[in-house]
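Novice: starting from these lines, generate the structure:
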Amino acid sequence: MIISRLFIYPIKSCAPVEVDQLGFDDFGPRGDRRFMLVDEQGKFLSQRQLPVMARIQPELRWREDGELAGLLIRAPGQDDFELALSSDLSLREVTVWKDTLMAEDCGDRAADWFSALLQRRCRLVQLPVGSQRQVSPKRAPQGRYHAFADGYPLLVVTQASLDHLSQQVGRDIAVERFRPNVVVAGAEQLFAELSWKRLELERGYLDLVKPCVRCVVPTRGMDTLEREADVLEALKQSFRVDGQIVFGQNAIDYDVTELAVGDSLMASLCAESE
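Specialist: Numbering: from 1, shown residues only. Here you go, the predicted structure:
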C-alpha cells in the first residue's frame, strides 16, 4: 500500500490544504489545526453549526528557516486577510469538546474579519508553544499531545472505502468531505482499515487507535453545503458499526518525522505490545 494523498487543516473546521509532504512535531502534522475559531465564550466553532466555514481557505506562509510565519486567508465575498504571527499575544481560555486550555488570541483585526464573514462574533486563536493538550490517556502515553483536532493528531482513510461509497451513491464523492490527513491506496480488502492496529513506515509508525464516528459534515455537498440524503443513506448502509456511522481511523504518530505521497505502508492487525 502507498500514501496517495496528504492534507492539513491550518484552521480547525476550515478548508484543507493538500500537500505532497507532511512534517511532524510534538503535536502531530506541522501546521495542522494550529488555529481555531471560537465564540465569545471561548467554545470552538465548526462546520457542524456553520457550514460556510468550509469555504474559508487558509494558505500557510513559511519562513526561510522552515518556521511558520503567518496565514493568507481567503473566502468568497471577502477581501483577502493576511495574518502575521506575533510572539506578543494575549492568552484566552478556550474549549474543544471536553478539553479546556489556554490559546493565543490573534487580535481584533482577525476577529472582525471572521465575524463579518460568519455573521456572528468570534475570534481566531492559535496554539501556544508549549501547549500540553493530552491525547486520551486510554489510547496514548502521558505526554503525547495534539493541537486543536477533535481528539487525535491524525485521521487515516482508504481510497477503497471512498470508492465503495462513490459506487453506492452513483457519483464521485470527494475525500475532502471526510477531512483526512492521510489517504491510503492499495488496500486489498474493503474496510480493511477498521481492523488495522498499526501502519508501519520506513521510519516510525502510526497507531490506529479508534474508528472515526461521523457527524453531519460528510453528508454535505462540497459546492452547495447542503445535506445529501443519498450520501447519508449509503453511509448508513455500508459504514455503520455498533449503530454509529464510522469512516476511517484516528491515529497517533510515533517516531515519524515526515510522510510523503508515494510512501509505502505495511498494515498489521495488532500492535507489538498486544
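
Novice: check contacts around the closest residue to Asn181 other than its chain neighbours.
Specialist: The shortest distance from Asn181 to any non-neighbouring residue, by Cβ to Cβ, 6 or more residues apart in numbering, is to Leu154 (4.7 Å). In this view, the C-beta of every residue, glycine as well, is placed from N, C-alpha and C. Under the criterion of Cβ atoms under 8 Å, 6 or more residues apart in numbering, the neighbours of Leu154 are Gly28, Pro29, Asn181, Val182, Leu206, Asn250, Ala251, Ile252, Asp253.

Novice: ok, Lys236 touching Ile245?
Specialist: Yes: with contact defined as Cβ atoms under 8 Å, Lys236 reaches Ile245; the gap is 6.4 Å.

Novice: any idea how far Lys98 is from Glu104?
Specialist: Spatial separation of Lys98 from Glu104 under the definition Cβ to Cβ, to the nearest Å is 21 Å.

Novice: quick one, which of those two is more surrounded?
Specialist: Set side by side, Lys98 and Glu104 give different neighbour counts by other Cβ atoms under 10 Å, the larger being at Glu104 (22 against 6).

Novice: helix/strand/coil for the more buried one?
Specialist: strand (DSSP: H, G, I helix; E, B strand; the rest coil).

Novice: any idea how far the spatially closest residue to it that is not a sequence neighbour lies from Val38?
Specialist: In space, and not counting its chain neighbours, Glu104 is closest to Leu89: 4.0 Å by Cβ to Cβ, 6+ apart. Shown here: Leu89 relative to Val38, a distance of 14 Å by Cβ to Cβ.

Novice: how far does the lowest-mean-pLDDT helix or strand in the chain sit from the chain's center?
Specialist: Lowest on mean pLDDT, DSSP states H and E among the helices and strands of the chain sits strand 240-241, with a mean of 88. How far strand 240-241 lies from its chain's middle: 21 Å, per Cα atoms, centre = their mean, to the nearest Å.

Novice: for stretch 215-222, same thing?
Specialist: Averaged over its C-alpha atoms, stretch 215-222 has a centre that lies 15 Å from its chain's centre (Cα atoms, centre = their mean).

Novice: can you check stretch 229-246 too?
Specialist: Here stretch 229-246 is found 21 Å from its chain centre; the criterion is Cα atoms, centre = their mean.

Novice: what comes up buried for stretch 258-272?
Specialist: Buried residues in stretch 258-272, defined by neighbour count with 16 or more other Cβ atoms under 10 Å: Leu259, Val261, Asp263, Leu265, Ala267.

Novice: how about residues contacting that stretch?
Specialist: By Cβ under 8 Å, 6+ apart, the list of residues contacting stretch 258-272 from outside reads 1-6, 20-24, 29, 182, 184, 187, 192, 195-202, 207.

Novice: helices of the stretch 51-200 of the chain, residue ranges please.
Specialist: Counting by DSSP state H, counting those that start in this stretch, the stretch 51-200 of the chain has these helices, from start to end: 108-118, 159-169.

Novice: my guess is Ile245 contacts Ser238, does it?
Specialist: No: the pair Ile245 and Ser238 fails to qualify as a contact (Cβ under 8 Å) at a distance of 9.5 Å.

Novice: the more surrounded of these two?
Specialist: The residue with more neighbours, out of Ile245 and Ser238 and counting by other Cβ under 10 Å, is Ile245; that gives 19 against 16.

Novice: for that one, which residues are in contact?
Specialist: In this structure, Ile245 makes contact with Val213, Arg214, Leu235, Lys236, Phe239, judged by Cβ under 8 Å, 6+ apart.
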